[in-house]
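Student: just coords:
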(Lines give C-alpha, C1' and ligand atoms only; values in the text may rest on other atoms or scores of the structure.)
Protein backbone atom coordinates (compact mmCIF):
# COMPACT_ATOMS: atom_id res chain seq x y z
CA UNK A 1 0.00 0.00 0.00
CA UNK A 2 1.52 3.32 -1.10
CA UNK A 3 0.51 6.80 0.04
CA UNK A 4 0.02 9.02 -3.04
CA UNK A 5 0.45 12.80 -2.80
CA UNK A 6 -0.28 15.54 -5.34
CA UNK A 7 1.83 18.62 -4.50
CA UNK A 8 0.50 21.75 -6.25
CA UNK A 9 2.97 24.64 -6.42
CA UNK A 10 2.55 28.02 -8.10
CA UNK A 11 6.29 28.70 -8.13
CA UNK A 12 8.65 28.62 -11.10
CA UNK A 13 11.57 26.19 -11.06
CA UNK A 14 14.39 26.89 -11.28
CA UNK A 15 14.41 30.35 -9.72
CA UNK A 16 16.03 32.26 -6.87
CA UNK A 17 12.79 32.41 -4.88
CA UNK A 18 12.56 30.86 -1.43
CA UNK A 19 9.22 29.32 -2.40
CA UNK A 20 10.86 27.28 -5.17
CA UNK A 21 13.54 25.99 -2.78
CA UNK A 22 10.83 25.13 -0.26
CA UNK A 23 8.68 23.28 -2.81
CA UNK A 24 11.62 21.35 -4.25
CA UNK A 25 12.86 20.16 -0.87
CA UNK A 26 9.43 19.34 0.54
CA UNK A 27 8.54 17.18 -2.46
CA UNK A 28 11.93 15.46 -2.35
CA UNK A 29 11.44 14.59 1.33
CA UNK A 30 7.77 13.64 0.96
CA UNK A 31 8.91 11.24 -1.76
CA UNK A 32 10.76 9.23 0.89
CA UNK A 33 7.43 8.38 2.52
CA UNK A 34 5.04 8.44 -0.45
CA UNK A 35 4.66 8.63 -4.21
CA UNK A 36 4.58 12.32 -5.13
CA UNK A 37 3.29 14.06 -8.23
CA UNK A 38 4.89 17.53 -8.21
CA UNK A 39 2.86 20.07 -10.19
CA UNK A 40 4.82 23.25 -10.92
CA UNK A 41 6.01 25.61 -13.63
CA UNK A 42 9.19 23.93 -14.77
CA UNK A 43 11.47 25.90 -17.10
CA UNK A 44 14.22 23.28 -17.39
CA UNK A 45 14.49 19.51 -17.62
CA UNK A 46 14.30 17.49 -14.42
CA UNK A 47 18.06 16.60 -14.45
CA UNK A 48 18.93 20.29 -14.88
CA UNK A 49 16.63 21.30 -12.01
CA UNK A 50 18.08 18.57 -9.78
CA UNK A 51 21.58 19.85 -10.54
CA UNK A 52 20.66 23.43 -9.60
CA UNK A 53 18.94 22.44 -6.33
CA UNK A 54 21.62 19.94 -5.40
CA UNK A 55 19.86 16.63 -4.91
CA UNK A 56 17.69 13.99 -6.52
CA UNK A 57 13.94 14.48 -6.39
CA UNK A 58 12.07 11.19 -6.93
CA UNK A 59 8.78 13.03 -7.55
CA UNK A 60 7.03 12.83 -10.90
CA UNK A 61 7.18 16.34 -12.38
CA UNK A 62 3.79 17.38 -13.81
CA UNK A 63 3.86 20.47 -15.99
CA UNK A 64 1.51 22.27 -18.37
CA UNK A 65 2.06 24.50 -21.39
CA UNK A 66 -1.13 26.50 -20.77
CA UNK A 67 -0.22 28.62 -17.77
CA UNK A 68 -1.93 28.57 -14.39
CA UNK A 69 -5.28 27.37 -15.75
CA UNK A 70 -3.62 24.50 -17.57
CA UNK A 71 -1.70 23.57 -14.43
CA UNK A 72 -4.89 23.57 -12.37
CA UNK A 73 -6.60 21.42 -15.00
CA UNK A 74 -3.69 18.95 -14.94
CA UNK A 75 -4.05 18.70 -11.16
CA UNK A 76 -7.80 18.14 -11.53
CA UNK A 77 -7.22 15.09 -13.73
CA UNK A 78 -4.91 13.60 -11.08
CA UNK A 79 -7.38 13.83 -8.19
CA UNK A 80 -8.82 10.33 -8.55
CA UNK A 81 -5.37 8.75 -8.28
CA UNK A 82 -4.07 10.42 -5.09
CA UNK A 83 -4.79 10.26 -1.35
CA UNK A 84 -3.51 13.73 -0.42
CA UNK A 85 -3.43 17.12 -2.12
CA UNK A 86 -0.74 19.36 -0.60
CA UNK A 87 -0.48 22.99 -1.63
CA UNK A 88 0.38 26.63 -0.87
CA UNK A 89 -1.37 27.85 -4.03
CA UNK A 90 -4.66 29.64 -3.37
CA UNK A 91 -6.09 28.76 -6.80
CA UNK A 92 -5.83 25.06 -5.96
CA UNK A 93 -8.55 25.52 -3.33
CA UNK A 94 -10.96 25.08 -6.27
CA UNK A 95 -9.89 21.42 -6.32
CA UNK A 96 -11.65 20.94 -2.99
CA UNK A 97 -15.02 20.98 -4.77
CA UNK A 98 -14.04 17.70 -6.47
CA UNK A 99 -11.70 16.00 -3.99
CA UNK A 100 -12.67 13.82 -1.04
CA UNK A 101 -9.24 12.80 0.22
CA UNK A 102 -6.96 14.76 2.56
CA UNK A 103 -6.45 18.37 1.48
CA UNK A 104 -3.49 20.11 3.15
CA UNK A 105 -3.00 23.85 2.76
CA UNK A 106 0.25 25.39 4.00
CA UNK A 107 0.24 29.06 5.01
CA UNK A 108 3.38 31.20 5.09
CA UNK A 109 1.41 34.42 5.63
CA UNK A 110 -2.17 35.61 5.79
CA UNK A 111 -3.59 36.29 2.32
CA UNK A 112 -3.30 39.88 1.10
CA UNK A 113 -5.48 39.89 -2.02
CA UNK A 114 -9.25 40.00 -1.61
CA UNK A 115 -9.73 37.01 -3.94
CA UNK A 116 -7.33 34.91 -1.88
CA UNK A 117 -9.09 35.91 1.33
CA UNK A 118 -12.36 34.79 -0.24
CA UNK A 119 -10.83 31.46 -1.27
CA UNK A 120 -9.63 30.84 2.29
CA UNK A 121 -13.18 31.43 3.53
CA UNK A 122 -14.44 28.98 0.89
CA UNK A 123 -11.91 26.44 2.15
CA UNK A 124 -13.06 26.96 5.73
CA UNK A 125 -16.69 26.40 4.64
CA UNK A 126 -15.84 23.24 2.68
CA UNK A 127 -13.82 21.96 5.64
CA UNK A 128 -17.16 21.19 7.33
CA UNK A 129 -17.61 18.27 4.94
CA UNK A 130 -14.03 17.62 3.79
CA UNK A 131 -10.78 16.40 5.36
CA UNK A 132 -8.94 19.72 5.41
CA UNK A 133 -5.73 20.21 7.38
CA UNK A 134 -3.78 23.43 7.77
CA UNK A 135 -0.01 23.78 8.15
CA UNK A 136 1.47 27.04 9.48
CA UNK A 137 5.16 27.88 9.57
CA UNK A 138 4.99 29.55 13.00
CA UNK A 139 2.84 29.74 16.11
CA UNK A 140 2.43 33.47 15.49
CA UNK A 141 0.86 32.74 12.11
CA UNK A 142 -1.37 30.02 13.53
CA UNK A 143 -2.74 32.38 16.18
CA UNK A 144 -3.52 35.08 13.61
CA UNK A 145 -5.09 32.57 11.22
CA UNK A 146 -7.43 31.28 13.93
CA UNK A 147 -8.34 34.84 14.92
CA UNK A 148 -8.95 35.98 11.32
CA UNK A 149 -10.68 32.94 9.82
CA UNK A 150 -11.94 30.95 12.81
CA UNK A 151 -10.39 27.67 11.73
CA UNK A 152 -10.65 24.96 14.35
CA UNK A 153 -7.43 24.79 16.32
CA UNK A 154 -7.44 21.00 15.93
CA UNK A 155 -7.09 21.33 12.15
CA UNK A 156 -3.87 23.32 12.37
CA UNK A 157 -0.36 22.03 12.95
CA UNK A 158 2.79 24.15 13.13
CA UNK A 159 5.86 23.06 11.21
CA UNK A 160 8.64 25.60 10.90
CA UNK A 161 10.70 25.73 7.74
CA UNK A 162 13.72 23.49 7.46
CA UNK A 163 17.01 22.82 5.69
CA UNK A 164 18.96 19.94 4.29
CA UNK A 165 21.88 18.45 6.16
CA UNK A 166 24.73 20.48 4.68
CA UNK A 167 28.25 19.15 4.79
CA UNK A 168 30.74 22.03 4.70
CA UNK A 169 33.92 20.61 3.23
CA UNK A 170 36.09 23.72 3.43
CA UNK A 171 35.87 25.51 6.80
CA UNK A 172 38.44 28.18 5.95
CA UNK A 173 36.49 30.94 7.78
CA UNK A 174 38.28 33.69 5.89
CA UNK A 175 35.71 36.24 7.07
CA UNK A 176 34.53 37.04 10.58
CA UNK A 177 30.85 37.59 9.81
CA UNK A 178 28.56 36.43 7.02
CA UNK A 179 25.07 37.12 5.70
CA UNK A 180 23.31 34.76 3.29
CA UNK A 181 19.96 35.69 1.79
CA UNK A 182 17.91 38.11 -0.24
CA UNK A 183 18.07 41.90 -0.18
CA UNK A 184 14.30 42.32 0.12
CA UNK A 185 13.05 45.16 2.29
CA UNK A 186 13.18 44.18 5.95
CA UNK A 187 15.61 41.28 5.56
CA UNK A 188 18.29 43.43 7.15
CA UNK A 189 21.07 44.00 4.63
CA UNK A 190 21.06 47.60 5.86
CA UNK A 191 22.08 46.31 9.28
CA UNK A 192 25.09 44.54 7.73
CA UNK A 193 26.15 47.87 6.20
CA UNK A 194 25.74 49.66 9.54
CA UNK A 195 27.80 47.03 11.34
CA UNK A 196 30.56 47.06 8.74
CA UNK A 197 30.82 50.84 8.97
CA UNK A 198 30.84 50.76 12.78
CA UNK A 199 33.37 47.89 13.03
CA UNK A 200 36.11 48.51 10.43
CA UNK A 201 38.39 45.80 11.87
CA UNK A 202 35.77 43.07 11.37
CA UNK A 203 35.52 41.42 7.95
CA UNK A 204 32.15 40.67 6.35
CA UNK A 205 30.93 38.60 3.41
CA UNK A 206 27.47 38.84 1.84
CA UNK A 207 25.97 36.14 -0.39
CA UNK A 208 22.82 37.02 -2.32
CA UNK A 209 21.25 39.94 -4.10
CA UNK A 210 20.83 41.07 -7.67
CA UNK A 211 23.72 42.97 -9.33
CA UNK A 212 21.91 46.33 -9.11
CA UNK A 213 21.21 45.74 -5.40
CA UNK A 214 24.82 44.85 -4.72
CA UNK A 215 25.99 48.01 -6.50
CA UNK A 216 23.68 50.11 -4.33
CA UNK A 217 24.87 48.70 -1.00
CA UNK A 218 28.52 48.55 -1.99
CA UNK A 219 28.46 52.34 -2.39
CA UNK A 220 27.32 52.70 1.23
CA UNK A 221 30.34 50.88 2.69
CA UNK A 222 32.91 53.25 4.22
CA UNK A 223 35.77 50.77 4.72
CA UNK A 224 37.36 47.98 2.74
CA UNK A 225 35.93 45.23 4.93
CA UNK A 226 32.94 43.81 3.00
CA UNK A 227 32.82 41.37 0.07
CA UNK A 228 29.59 40.99 -1.94
CA UNK A 229 29.68 37.64 -3.73
CA UNK A 230 26.17 37.47 -5.19
CA UNK A 231 23.63 34.67 -5.45
CA UNK A 232 24.75 31.06 -4.98
CA UNK A 233 22.77 28.13 -6.42
CA UNK A 234 21.37 25.85 -3.68
CA UNK A 235 23.59 23.03 -4.96
CA UNK A 236 26.70 25.06 -4.09
CA UNK A 237 25.49 26.57 -0.83
CA UNK A 238 28.03 24.61 1.23
CA UNK A 239 30.84 26.64 -0.33
CA UNK A 240 29.63 29.88 1.23
CA UNK A 241 28.97 28.61 4.76
CA UNK A 242 32.57 27.60 5.31
CA UNK A 243 33.74 31.14 4.60
CA UNK A 244 32.78 32.83 7.88
CA UNK A 245 32.58 32.32 11.66
CA UNK A 246 29.40 34.19 12.63
CA UNK A 247 26.08 34.22 10.77
CA UNK A 248 23.75 37.22 10.82
CA UNK A 249 19.96 37.02 10.65
CA UNK A 250 19.12 40.73 11.04
CA UNK A 251 15.42 40.77 10.06
CA UNK A 252 13.42 43.85 10.98
CA UNK A 253 9.90 43.49 12.42
CA UNK A 254 8.48 44.35 8.98
CA UNK A 255 9.61 42.18 6.04
CA UNK A 256 8.02 42.81 2.65
CA UNK A 257 7.60 40.23 -0.11
CA UNK A 258 5.84 42.08 -2.91
CA UNK A 259 3.24 44.21 -1.15
CA UNK A 260 2.77 41.77 1.72
CA UNK A 261 4.34 42.18 5.16
CA UNK A 262 5.43 38.73 6.41
CA UNK A 263 7.74 39.93 9.19
CA UNK A 264 5.53 38.77 12.04
CA UNK A 265 5.26 35.19 10.73
CA UNK A 266 8.41 34.46 8.74
CA UNK A 267 10.38 31.27 9.31
CA UNK A 268 13.40 31.84 7.06
CA UNK A 269 15.14 28.79 5.63
CA UNK A 270 18.46 30.58 6.06
CA UNK A 271 18.08 30.28 9.85
CA UNK A 272 17.96 26.50 9.55
CA UNK A 273 20.85 26.46 7.09
CA UNK A 274 22.89 28.43 9.64
CA UNK A 275 21.97 25.82 12.26
CA UNK A 276 22.76 22.96 9.86
CA UNK A 277 26.27 24.27 9.18
CA UNK A 278 27.20 24.90 12.83
CA UNK A 279 27.37 28.66 12.57
CA UNK A 280 27.30 30.90 15.64
CA UNK A 281 24.16 32.96 15.02
CA UNK A 282 23.36 36.57 15.86
CA UNK A 283 19.66 37.08 15.29
CA UNK A 284 16.91 39.63 15.83
CA UNK A 285 14.90 38.93 18.98
CA UNK A 286 11.55 38.70 17.18
CA UNK A 287 8.90 36.45 18.79
CA UNK A 288 8.81 34.21 15.71
CA UNK A 289 12.56 33.50 16.05
CA UNK A 290 12.17 32.83 19.76
CA UNK A 291 9.94 29.90 18.78
CA UNK A 292 13.15 28.25 17.54
CA UNK A 293 16.10 29.91 19.29
CA UNK A 294 17.02 30.60 22.92
CA UNK A 295 19.24 33.57 23.72
CA UNK A 296 22.66 32.57 25.00
CA UNK A 297 22.01 28.88 24.32
CA UNK A 298 21.94 28.42 20.55
CA UNK A 299 22.17 32.05 19.38
CA UNK A 300 22.63 35.60 20.61
CA UNK A 301 19.42 37.61 20.16
CA UNK A 302 19.46 41.37 19.68
CA UNK A 303 16.93 44.19 19.49
CA UNK A 304 16.49 45.32 15.88
CA UNK A 305 16.52 48.93 17.07
CA UNK A 306 19.83 48.74 18.94
CA UNK A 307 22.97 48.69 16.81
CA UNK A 308 25.03 48.61 20.02
CA UNK A 309 23.56 45.21 20.96
CA UNK A 310 24.62 43.78 17.59
CA UNK A 311 28.13 45.18 17.94
CA UNK A 312 28.41 43.72 21.45
CA UNK A 313 27.13 40.29 20.34
CA UNK A 314 29.59 40.08 17.46
CA UNK A 315 32.49 41.16 19.67
CA UNK A 316 31.50 38.59 22.31
CA UNK A 317 31.50 35.74 19.80
CA UNK A 318 34.71 36.82 18.07
CA UNK A 319 36.60 37.12 21.35
CA UNK A 320 35.20 33.95 22.92
CA UNK A 321 35.72 30.80 20.86
CA UNK A 322 34.13 28.67 23.60
CA UNK A 323 30.91 30.69 23.36
CA UNK A 324 30.91 30.36 19.57
CA UNK A 325 31.33 26.62 19.85
CA UNK A 326 28.68 26.30 22.57
CA UNK A 327 26.01 28.19 20.61
CA UNK A 328 26.79 26.59 17.26
CA UNK A 329 26.81 23.04 18.66
CA UNK A 330 23.51 23.54 20.46
CA UNK A 331 21.93 24.99 17.33
CA UNK A 332 23.21 22.09 15.25
CA UNK A 333 21.85 19.48 17.65
CA UNK A 334 18.44 21.17 17.64
CA UNK A 335 18.49 21.29 13.84
CA UNK A 336 19.23 17.58 13.49
CA UNK A 337 16.46 16.59 15.88
CA UNK A 338 13.71 18.95 14.65
CA UNK A 339 14.40 20.96 11.52
CA UNK A 340 15.52 18.79 8.61
CA UNK A 341 13.29 18.56 5.54
CA UNK A 342 12.91 14.83 6.13
CA UNK A 343 11.71 15.29 9.71
CA UNK A 344 9.34 18.06 8.57
CA UNK A 345 7.81 15.91 5.82
CA UNK A 346 7.40 13.00 8.21
CA UNK A 347 5.78 15.22 10.85
CA UNK A 348 3.33 16.65 8.31
CA UNK A 349 2.25 13.18 7.17
CA UNK A 350 1.92 12.03 10.79
CA UNK A 351 -0.25 15.05 11.58
CA UNK A 352 -2.78 13.79 9.03
CA UNK A 353 -3.29 10.68 11.10
CA UNK A 354 -1.46 8.37 8.70
CA UNK A 355 0.86 5.80 10.21
CA UNK A 356 3.86 5.67 7.93
CA UNK A 357 4.46 2.06 8.91
CA UNK A 358 1.22 1.20 7.06
CA UNK A 359 2.65 2.42 3.77
CA UNK A 360 5.55 1.31 1.61
CA UNK A 361 7.34 3.18 -1.12
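Tutor: Yep, that arrived. Source: prediction; values computed, not measured.
Student: Give the residue spans of the stretch 1-150 of the chain that score low on pLDDT.
Tutor: Applying pLDDT under 70 to the stretch 1-150 of the chain flags no residue at all.
Student: Taking the centroid of the chain, which residue is nearest it?
Tutor: Nearest to the geometric centre of the chain sits residue 269, at 3.5 Å (Cα atoms, centre = their mean).
Student: what's near enough to touch it?
Tutor: By Cβ atoms under 8 Å, 6 or more residues apart in numbering, the residues touching residue 269 are 18, 21, 22, 161, 162, 163. Where C-beta positions appear, they are placed from N, C-alpha and C, glycine not excepted.
Student: now with 10 Å?
Tutor: Going by Cβ atoms under 10 Å, 6 or more residues apart in numbering, residue 269 touches 18, 21-22, 25, 160-164, 180-181, 234, 276, 339, 341.
Student: So which residues of the stretch 201-350 of the chain form helices?
Tutor: Ranges of helices within the stretch 201-350 of the chain are 211-218, 238-241, 269-276, 287-290, 307-319, 321-338, 341-351, based on DSSP state H, counting those that start in this stretch.
Student: Most neighbours among the contacts of residue 269, which one is it?
Tutor: The member of these surrounded by the most neighbours (other Cβ atoms under 10 Å) is residue 162, with 27 neighbours in all.
Student: if I look at that one, how far off is residue 188?
Tutor: Distance, residue 162 to residue 188, by Cβ to Cβ, to the nearest Å: 21 Å.
Student: for residue 303, same thing?
Tutor: Where residue 188 is concerned, residue 303 sits at a distance of 13 Å (Cβ to Cβ).
Student: Quick check: neighbours shared by these two?
Tutor: Residues touching both residue 303 and residue 188 by Cβ under 10 Å, 6+ apart: 284, 310.
Student: Nearest residue to residue 32 in space, please, no chain neighbours.
Tutor: Nearest in space to residue 32, with sequence neighbours left out and distances taken as Cβ to Cβ, 6 or more residues apart in numbering, is residue 342 at 6.3 Å.
Student: what's the domain layout of this structure?
Tutor: Domain segmentation of the chain under the TED database yields 4-162+340-360, 175-339.
Student: can you redo these as CSV with distance to residue 168?
Tutor: Shown next, in CSV, are the domains of the chain (distance: least, Cβ to Cβ, whole Å):
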stretch, distance to residue 168
domain 4-162+340-360, 13
domain 175-339, 4
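Student: so how many other residues sit close to residue 232?
Tutor: 16.
Student: can you check residue 242 too?
Tutor: For residue 242, the count of nearby residues is 18 (other Cβ under 10 Å).
Student: Let me see the contact set for it.
Tutor: For residue 242, the contact set (Cβ under 10 Å, 6+ apart) comprises 166, 167, 168, 169, 170, 171, 172, 173, 174, 178, 277, 279.
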